[in-house]
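Q: the sequence and its predicted three-dimensional model are supplied below.
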Amino acid sequence: SQTIHQWPATLVQPVGSPLSLECTVEGTSNPNLYWYRQAAGRGLQLLFYSVGIGQISSEVPQNLSASRPQDRQFILSSKKLLLSDSGFYLCAWSAGRYYEQYFGPGTRLTVT
Amino acid sequence: GQQLNQSPQSMFIQEGEDVSMNCTSSSIFNTWLWYKQDPGEGPVLLIALYKAGELTSNGRLTAQFGITRKDSFLNISASIPSDVGIYFCAGPSGSQGNLIFGKGTKLSVKP
């Protein structure tokens, strides 16, 4: 069966510091991968998606970037965090030709 | 652009009551998905619908794909405290398998 992992679970970072959040999927090959941000427990905002290694599409221009160095690994980064980057970050995967997306447990980021 | 409107935004119910919520789209969908999110966790897929008029159940949950293909409904029968959470509807957005999500219906149960 497929599983999706995210780490860290929680993170407190000062403004201006770098960020790296990691997401890995097990039990499937060539998944579509997604990064979402959720503010205040409502509303999922799609940040990035990837249909293959090295292929990244950005939905919202912002202070963040994403990379997919391996088939089942998706990384969300920032060089300098802003207060507005605080939120709940969710990674998800889908099997490509199907719309069903399966979410990881999330990372709670607080920028101070 | 596409929009999904979920209704109601929040609701309080007595344990044992039935719950109904819905989602409407500004465009036609060929797939409707319903998710539940517990506090501090990622959303979990509850039900997927693929055909207009389709009625699908998952335990006490039943979801329907509206005939117009612009709406979907989720019903929860005999609610219990663990039904608390936020329920999201979602549908296809674009050709890359992306989804658009509603803003959610927050369900709170009075024990």
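A: Received, thanks.
Q: alpha carbons only for contacts and neighbour counts from here, please
A: Fine.
Q: where in chain B is pLDDT low?
A: Along chain B, the parts satisfying pLDDT under 70 run over B:1, B:95, B:111.
Q: just give me the neighbour total for B:Ser7.
A: Look at B:Ser7: counted by other CA atoms under 10 Å in any protein chain shown, it has 18 neighbours.
Q: residue contacts, it?
A: B:Ser7 makes contacts with B:Met21, B:Asn22, B:Cys23, B:Thr105, as judged by CA atoms under 8 Å, 6 or more residues apart in numbering or on different chains.
Q: not counting sequence-adjacent ones, nearest residue to residue 55?
A: Reading this off chain A. Nearest non-adjacent residue to A:Gln55, counting by CA to CA, 6 or more residues apart in numbering or on different chains: A:Arg68, 7.2 Å away.
Q: that's the other chain; I wanted chain B
A: B:Gln64 (4.5 Å).
Q: next one: A:Leu44
A: A:Gln38 (4.9 Å).
Q: picking up where we left off before, quick one: strands adjacent to the helix or strand containing the residue nearest to B:Leu55?
A: Element membership for B:Gln64 (DSSP states H and E) is strand B:61-65. For strand B:61-65, the paired strands and their directions (DSSP bridges) read strand B:55-58 (antiparallel), strand B:71-76 (antiparallel).
Q: deepest-packed of the ones you listed, please.
A: strand B:71-76 (a mean of 22; mean count of other CA atoms under 10 Å in any protein chain shown).
Q: and whatever helix or strand comes next after that strand, how far out from the chain's middle?
A: Downstream of strand B:71-76, the next assigned helix or strand under DSSP H and E is strand B:85-92. Using CA atoms, centre = their mean, to the nearest Å, the mean C-alpha position of strand B:85-92 is found 5 Å from that of the whole chain.
Q: can you name the next helix or strand after strand B:85-92?
A: Counting by DSSP H and E, what follows strand B:85-92 is strand B:99-101.
Q: show me what that next one is packed up against.
A: strand B:85-92 (3 or more CA pairs under 8 Å, 6 or more residues apart in numbering or on different chains; DSSP states H and E).
Q: in the lengthiest strand in chain A, what's buried?
A: The longest strand of chain A (DSSP state E) is strand A:42-52. In terms of neighbour count (16 or more other CA atoms under 10 Å in any protein chain shown), strand A:42-52 has its buried residues at A:Arg42, A:Leu44, A:Gln45, A:Leu46, A:Leu47, A:Phe48, A:Tyr49, A:Ser50, A:Val51, A:Gly52.
Q: could you find the closest non-adjacent residue to A:Thr112?
A: A:Pro14 (4.8 Å).
Q: that older thread, so which of the strands paired with strand B:61-65 gets nearest B:Leu46?
A: Proximity to B:Leu46 (CA to CA) singles out strand B:55-58 among those, at 7.2 Å.
Q: which residues touch the closest one?
A: So strand B:55-58 is contacted by B:Leu46, B:Ile47, B:Leu49, B:Thr62, B:Ala63, B:Gln64, B:Phe65 (CA under 8 Å, 6+ apart).
Q: and which of those is nearest to B:Ser79?
A: Distances from B:Ser79 to these, taken by CA to CA, are shortest for B:Thr62, at 12.5 Å.
Q: what's the burial count for that closest one?
A: 17.
Q: quick check: it vs chain A, distance?
A: Going from B:Thr62 to chain A by CA to the nearest CA, to the nearest Å gives 18 Å.
Q: same question, B:Val44
A: 7 Å.
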